[in-house]
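Trainee: the following block contains a protein sequence and its predicted model.
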Amino acid sequence: MLRIEQLSLALPYYPRFWRRRFATHLDQLSFSVTAGSVHAVVGASGAGKSLLAHAIMGLLPKDAQLSGSCFFKQTLLDEPRKRALRGRELALIPQSLSALDPLARSQHQVNWAARRAGLPPSPARQAASQALAHYQLDERARRAYPHELSGGMARRVLTAMAHVAQASLVIADEPTIGLDPAQRSRVLDALAALALQGKAVMLITHDLRHALSIADRVTVMREGRCVESADASAFQGTGQMLESAYARALWQALPDNAFNVDTEYAEESRFA
Ligand SMILES: Nc1ncnc2c1ncn2[C@@H]1O[C@H](COP(=O)(O)OP(=O)(O)OP(=O)(O)O)[C@@H](O)[C@H]1O
Ligand code: NI
């Protein structure tokens, strides 16, 4: 469904106010997300996961330098195509809650997402109501403005918006942050259900444990690079099926895996 080839990204920074330099944030990333599967992208804070999501969706700042290519359904995904497919074939559950319109009620935001995806007014309203109910947003939450929602509720509104878009590729950027365990399983189950319907789901998270609860494949990122792409089943035992020491250390550092953690990465992976 989505193929990423040698994707690199540099963004400008200003060491002096008159001088512009570029820093590399994504370095030659390559991997594929297949239809009907959940592909987790795991890495520590600052690894470049959200930038990767924004690069795929065409939401980078204007002065970004992007190279390499993305293919969606075998066709090159260039910037005009990203714009055309965004909110329709490509849906993003953004990490930042500020993606919600501060002046619109939840119901309206989800309704708008359904309209944008091409549904006529009445089916859009119906789809929005169903999605809001699916994510347990009650009448009060539906009528609330973003500042009246808890973080967990706002995240569920964003998830409902991606849900009604009926996209074939859903990128969920840290969709479970701030959710209690019950809500978290609900969102993860919903993403797994989307994959079962044949959609491609990219789950971005810093939490390998959450990723492994639904992922078929896992790409581990570190400092803008793809350290490893492996089947979720490779994360077992002592991690002997994993190729990179970093992925193995992330796996071994999980609380349930009481192994001798590779000291080189132990400190880092604890915070990943
Ligand atoms: N618009 C921007 N301009 C310049 N640098 C940026 C911009 N957005 C992100 N960065 C930098 O790029 C790096 C990667 O950021 P990114 O948000 O992709 O990390 P992340 O893996 O999503 O982290 P987190 O888990 O904390 O969300 C960081 O060092 C960040 O400071
Ligand atoms: Ni992020």
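Mentor: Good, I have the coordinates. Ligands and ions are numbered 1, 2, ... in the order given.
Trainee: SS state for whichever residue of the stretch 51-200 of the chain sits closest to ligand 2?
Mentor: Going by CB to the ion, ligand 2 is nearest to Gln95 of the stretch 51-200 of the chain, at 4.7 Å. Where you see a C-beta, it was placed from the backbone N, CA and C, and this is true even at glycine. Three-state call for Gln95 (DSSP: H, G, I helix; E, B strand; the rest coil): coil.
Trainee: pretty sure it is touching Ala172, no?
Mentor: No - contact criterion CB atoms under 8 Å: Gln95 and Ala172 do not qualify, at 9.2 Å.
Trainee: got any residues that touch both of those two?
Mentor: Ile204 (CB atoms under 8 Å, 6 or more residues apart in numbering).
Trainee: more neighbours: which of these two?
Mentor: For the pair Gln95 and Ala172, the greater number of neighbours falls to Ala172 (29 against 19), based on other CB atoms under 10 Å.
Trainee: count the residues that sit near Tyr145.
Mentor: For Tyr145, the count of nearby residues is 15 (other CB under 10 Å).
Trainee: what does Leu250 give?
Mentor: Neighbours around Leu250, by other CB under 10 Å: 32.
Trainee: hmm, back to that, now do the contacts for the residue of the stretch 51-200 of the chain closest to ligand 2.
Mentor: Contacts of Gln95 (CB under 8 Å, 6+ apart): 50, 53, 173-174, 177, 204.
Trainee: next: Ala131.
Mentor: 110, 114, 160-161, 163-164.
Trainee: which stretches in the stretch 1-150 of the chain count as helices?
Mentor: 49-57, 79-85, 106-116, 121-134, 139-143 (DSSP state H, counting those that start in this stretch).
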